[in-house]
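J.: model the following, please.
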Amino acid sequence: MTDIRRGITAALALMELFSVAAAHAGDPDRRGVDFFENKVRPVLVEHCYRCHSDEAKKVRGGLRLDSAAGLLKGGDSGPAIVPGEPARSLLLKALRHEGELKMPSETKKLPAAVLADFETWIKMGAPDPRQGKPTAKSAINLEESRKFWAFQHPVARPTPTVKDLRWVANEIDAFVLAEQERRGLRRVRPAGKRELIRRATFDLIGLPPTPEEIEAFEKDPSPDAFARVVDRLLASPHYGERWGRYWLDLARYADDKALAFPTPWPHAYRYRDWVVRAFNEDMPYDRFLRLQLAGDLIPENEDGDRERKLVALGFQGLGAEYHKGSVPEQVKADELDDRIDTLTRGLLGLTVACARCHDHKYDPIPTRDYYSLAAAYNGAAWNVLTLSPPAEVARYKAWEKTGKEIEARIRKWRKQHPGSLSPEARKPLDAMQAELQRHRQSTPPALVQTHGVSGGGGAMRVALRGNVKRLGEPAPPGFLRILESKPAPSRTRFTRLDLAEAICSPDNPLTARVIVNRVWQHHFGRGIVSTASNFGKLGDRPTHPRLLDNLAVHFVQSGWSIKWLHRRMMLSSAYRLSAEHDAGNAAIDPDNAYLWRHTPQRLDIEAWRDAILAVSGQLDRTFGGPPVSLAEPGHVRRTLYGKVSRLEPDKMLVAFDFPDANVSSARRSVTVVPQQQLFVLNSEFMIASAKALAQRLEKAADKDEERIALAHRWAFGRTATESEIKLALEFLRSAAAGPDDKLTAWQQLAQAILASNELVWID
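T.: Sure thing, here's the model as predicted:
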């Protein structure tokens, strides 16, 4: 009975933890469209359109596959697909060569992985953004396309006139309030001081505020008290750990390669630590990008020391690497595609990789421009770069050469003296082996190395329909034409430094907007553009376009300072609203797109795990260094320093929505799955943390009432209510009667506190 009682107690806490998560789940429609664009459409274009589209001389079987309507209507044999039902979808049967219909031909069958993608897509409901009837291919009109909001240069807008000027702390509030007044929304009350410091502390450093920090803020009556809190948090070295992790999501950071067996990257952590330092130093964002794209090409007297410039190259050097196999050209093309997709989604908010096989169907990105841009990485090598000074490198190579020479002499002697020999005859061999042993013991300091990229810049030809065996016209090396304000000069090469300059140019309409929107997303729960990595036509339109433009312009004027952005956003009245619900507002704006309240957010796995370690008194705040598996017993460092594997991802990270390290990730999903509940109930991590918290409480106070009060202050940053104290005391008395429990009464109570909804959700 005691085990059952403990299970019920922890389960009640877990019910809180997961009760509201479903409302914050990722957008399934958007994921479906992305899946179609990446996995399904390229196959249709390459293998099916020549016979089943508007471009075919004769449409076979009356079947058109170049529109959603064509797929659903089907051809002479009936509908090509039945959304949600693969078994009834004739297209999938034909691709599998099941029955009389065989596609793309009688003799050619698509790979099993492709067939699995089609099955998955149909199970998803066959999401397909292509509208209307298929039409003949038309050229992209760049001038007309520049009328789209994202391709227009941002300009500072006049601050709108609003009724309640007292609420306006800065221009952000004026733009927000103007939209609320236009829609008849009434904002909720301001957040209390405890709510505000807890929100800000998790936002900026990913850890809970201490009781002392909360008390100091609550007792500070000055109007700039919160500004001082923000400045203190921005100055904390833990700030870089929190915000560096967001960047690593975009950079699809991992500690191993994307291969079929474990292949570690032993130096990957240097890039991770570089990112953390860059955020802590508030490195100007344009310099931050230049170093990551072309640090090795920047002159020695510019942008800092050589080591930092090379380590920054991990942004692309740590991307996917595949075995060359029998089609090295295809592998090279896939590796280039990974770099282009990461770069353009992450930095420009554009899905340029969709143009690898065909002109982009929605955005003004012709296939030629994809290969023009890819020239920056054509001929590049993803390799290990040495950071040690030249003299040390020379010393190490000389030592290595000497060792090889001794080993060669030993091999030669053995070859000349086969079979067993007397001790006397073996003396020359023994002497050489002793020499080798002494040499190995004299090992010079190991070379300091990092993963990076070198080379690139060579012109490419268009791969027709993405087929590396069918090359078409040359693609002039250069940037995306839609983002250039004037025609680019003719060139024979387009280096990574050229690419960096184009991305960081003040004339680029997207770079500043995209990063401003990403920072906004993390502070407010959703971006001004909610599709943070897609500012194209398939992406969502900005809810406050003039505000986004103003922030982008002022961000550049501030010297591209990310910390300036934090201050501007967090010191607005909009950020300081409570998370209180209002039924009237919710009826008008159910998604809170217009910020009438602060959107509650569930902590991501890093902040949640780190908070548990902090509350239980276990957290090791040591910075940097090689990663260690989170499953390793005694790993109590911040989750940032856990190993990130593409091949064998950590089960705890996967269960709590850590992003796939194979692709750039714009935001975390929020799911509710049984593995999460089982982890909180039974995992060694939670049990050990509960024991540590109970021990910490026992040392800190003698009376149960005092310990309960401390637990609430440490975990929730507030005073326990009388009813909470009473309930906890009753539980301790009843649980203490069970001698067979694996955990003591205090350990059970500690586990329930650590598992509670209030710890994982931030208002």
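
J.: C-alpha only now, for contacts and for neighbours.
T.: Noted.

J.: contact partners for the closest residue to Ile605 other than its chain neighbours?
T.: The spatially closest residue to Ile605, leaving aside those adjacent along the chain, is Phe656, at 5.8 Å (CA to CA, 6 or more residues apart in numbering). In this structure, Phe656 makes contact with 604-605, 670-671, 676, judged by CA atoms under 8 Å, 6 or more residues apart in numbering.

J.: what's the burial count for Glu392?
T.: 16 (other CA atoms under 10 Å).

J.: show me how far whatever helix or strand it lives in is from its chain's centre.
T.: Glu392 is part of helix 390-416 when elements are defined by DSSP states H and E. The gap between the average C-alpha position of helix 390-416 and the chain average comes to 44 Å, counting by CA atoms, centre = their mean, to the nearest Å.

J.: remind me what that helix packs against, helices and strands.
T.: Using 3 or more CA pairs under 8 Å, 6 or more residues apart in numbering; DSSP states H and E as the contact criterion, the secondary-structure elements in contact with helix 390-416 are helix 427-441.

J.: now the helix it packs on, how far from the chain's geometric center?
T.: With CA atoms, centre = their mean as the basis, helix 427-441 stands 51 Å off its chain's centre.

J.: can you name every helix or strand that it contacts?
T.: Right, helix 427-441 is packed against helix 390-416 by 3+ CA pairs under 8 Å, 6+ apart.

J.: would you mark the buried spots in the helix it packs on?
T.: Residues 392-393, 396, 399, 403, 406-407, 410 are the ones in helix 390-416 that count as buried (16 or more other CA atoms under 10 Å).

J.: quick one: contacts of stretch 586-605?
T.: The contact list for stretch 586-605, computed with CA under 8 Å, 6+ apart, reads 21, 176, 179-180, 183, 185-188, 524-526, 543, 574-581, 585, 653, 656-658, 668, 670, 760-763.

J.: ok, 7 Å please
T.: Applying CA atoms under 7 Å, 6 or more residues apart in numbering, the set of residues contacting stretch 586-605 from outside is 176, 179-180, 185-188, 524-525, 543, 574-575, 577-580, 653, 656, 658, 760-763.

J.: what about the strands in the stretch 601-750 of the chain?
T.: The residue ranges that make up the strands of the stretch 601-750 of the chain, judged by DSSP state E, counting those that start in this stretch, are 601-602.

J.: same check on the chain?
T.: For the chain, the strands identified by DSSP state E occupy 381-386, 449-454, 460-463, 471-475, 601-602, 761-762, in order along the chain.

J.: ok, the closest residue to Arg345 other than its chain neighbours to Gly527 distance?
T.: Leaving aside its sequence neighbours, Arg345 sits nearest to Ser533 (CA to CA, 6+ apart; 5.0 Å). Here Ser533 is placed at a distance of 10 Å from Gly527 (CA to CA, to the nearest Å).

J.: ok, the two, which is more surrounded?
T.: Neighbour comparison, Ser533 and Gly527: the larger count goes to Ser533, with 26 against 23 (by other CA under 10 Å).

J.: my read: Ile214 touches Arg194, true?
T.: Yes. A contact is recorded between Ile214 and Arg194 when judged using CA atoms under 7 Å, the distance being 6.4 Å.

J.: residues in contact with stretch 163-182?
T.: Applying CA under 7 Å, 6+ apart, the set of residues contacting stretch 163-182 from outside is 159-160, 162, 186, 547, 572-574, 594.

J.: just the buried residues of those.
T.: Neighbour counting over the contacts of stretch 163-182 (16+ other CA under 10 Å) leaves 159, 162, 547, 572-574, 594 as the buried ones.

J.: now do the domain split for the protein, please.
T.: Segmentation of the chain into domains, based on automatic domain parsing, reads 2-25+603-762, 28-123, 193-236+509-599.

J.: from the middle of its chain, how far away would the second one be?
T.: It stands for domain 28-123. Centre to centre, stretch against its chain (CA atoms, centre = their mean), the figure for domain 28-123 is 31 Å.

J.: what about this protein, any weak spots by pLDDT?
T.: Flagging of the chain using pLDDT under 70 yields the residue ranges 1-29, 106, 131-138, 259-260, 301-304, 326, 736-740.

J.: sorry, back to before: what would the contacts of stretch 163-182 look like in a markdown table with distance to Ala715?
T.: What follows is the contacts of stretch 163-182, written out as a markdown table (distance: CA to CA, whole Å):
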| residue | distance to Ala715 |
| --- | --- |
| Thr159 | 41 |
| Pro160 | 42 |
| Val162 | 40 |
| Arg186 | 32 |
| Leu547 | 36 |
| Ser572 | 27 |
| Ser573 | 27 |
| Ala574 | 26 |
| Tyr594 | 31 |
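
J.: between those residues, which sits nearest Arg272?
T.: For those, the residue nearest Arg272 by CA to CA is Ser572; the value is 31.2 Å.

J.: how close does the closest residue to that closest one other than its chain neighbours sit to Glu329?
T.: Of all residues beyond its chain neighbours, the one nearest Ser572 is Ala169 (5.5 Å), with distances taken as CA to CA, 6+ apart. Between Ala169 and Glu329 the distance is 57 Å, computed by CA to CA.
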